[in-house]
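Participant: Just to be clear, the model below is a prediction. Sequence and coordinates:
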Amino acid sequence: MKALVPLALIGALSAAACTDRSDPSATTPTTTQPTETFSGTVAAGGSSAHNFSVSTAGMVTVTLTAAGPPESVVMGVGIGAPSGSSCALLTGASVNTAAGPTAQLSGLVTPAALCVQVYDVGNQTSAVAYTVTVAHP
C-alpha cells in the first residue's frame, strides 16, 4: 500500500504502543467507516473520476476491486481534489495496480471534498470497466 501521509504509520504505531496488552478488559473500539463504491469505464488513454466528501479527519482506503477485460490489467488509482470536471491528484497519492481484494492505497485525510480517479497507465488497447471502493471517515 502507498500512504497518502507518511505520518499515518507513526500515528498507528503510537496508538498501538499505548495499549496495555496484559489487561484483558482493554479493547480497541471498532468504528465503521462509510464506504462508497464507484463503477465506470476508462477509455484507452483516458480517466474517470468520482467525488466524495470527508467530514472528519481519519484514514481513507481505496480498493480497485475489479477491472477488465483483461482481468490482469494494471490501472492507475489516485486520490485528489476536484478541479472543475477533473480530479487533481495529490502528490504521492496514486498507485499503479491490478484489481484485488485488499486496499491498494491508504492514508490520513482531513475534512475536504475529495475525488478518486481511475486511469489508463498506458497499457490499455480498449475500454476497461472498473469498480473502486473508497472507505473514509
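Facilitator: Happy to help now that I have it.

Participant: Check the separation of the first and last residues in stretch 51-60.
Facilitator: For stretch 51-60, the separation between the terminal residues is 14 Å (C-alpha to C-alpha, to the nearest Å).

Participant: Tell me the buried residues in it?
Facilitator: When burial is assessed from 16 or more other C-beta atoms under 10 Å, stretch 51-60 yields the following buried residues: 52, 54, 58-60. In short, each C-beta sits where N, CA and C put it, glycine included.

Participant: Switch these over to CSV; also include pLDDT, distance to residue 133 and secondary structure.
Facilitator: Formatted as CSV, those follow (pLDDT from 0 to 100; distance: C-beta to C-beta, whole Å; DSSP: H, G, I helix; E, B strand; the rest coil):
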residue, pLDDT, distance to residue 133, secondary structure
52, 96, 11, strand
54, 95, 15, strand
58, 94, 16, strand
59, 95, 14, strand
60, 96, 11, strand
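
Participant: Identify the farthest-apart pair in these.
Facilitator: Greatest spacing in the buried residues of stretch 51-60, by C-beta to C-beta: 52 and 59 (14.1 Å).

Participant: could you point out which element follows the helix or strand of the chain with the lowest mean pLDDT?
Facilitator: Ranked by mean pLDDT, DSSP states H and E, the weakest helix or strand in the chain is helix 7-17, scoring a mean of 35. Per DSSP states H and E, the first helix or strand lying C-terminal to helix 7-17 is strand 35-42.

Participant: now that next one, how far from the centre of its chain.
Facilitator: In terms of C-alpha atoms, centre = their mean, to the nearest Å, the centre of strand 35-42 is found 12 Å from the chain centre.

Participant: Same question for the residue most central in space within the chain, what's its three-state structure.
Facilitator: Geometric centre of the chain, nearest residue: residue 62, 2.1 Å, by C-alpha atoms, centre = their mean. When classified by DSSP: H, G, I helix; E, B strand; the rest coil, residue 62 comes out as strand.

Participant: In this structure it contacts residue 134, no?
Facilitator: Yes. Counting by C-beta atoms under 8 Å, residue 62 sits close enough to residue 134 to count as a contact (5.5 Å).

Participant: Let's see the pLDDT reported for residue 21.
Facilitator: We have a pLDDT of 45 for residue 21.
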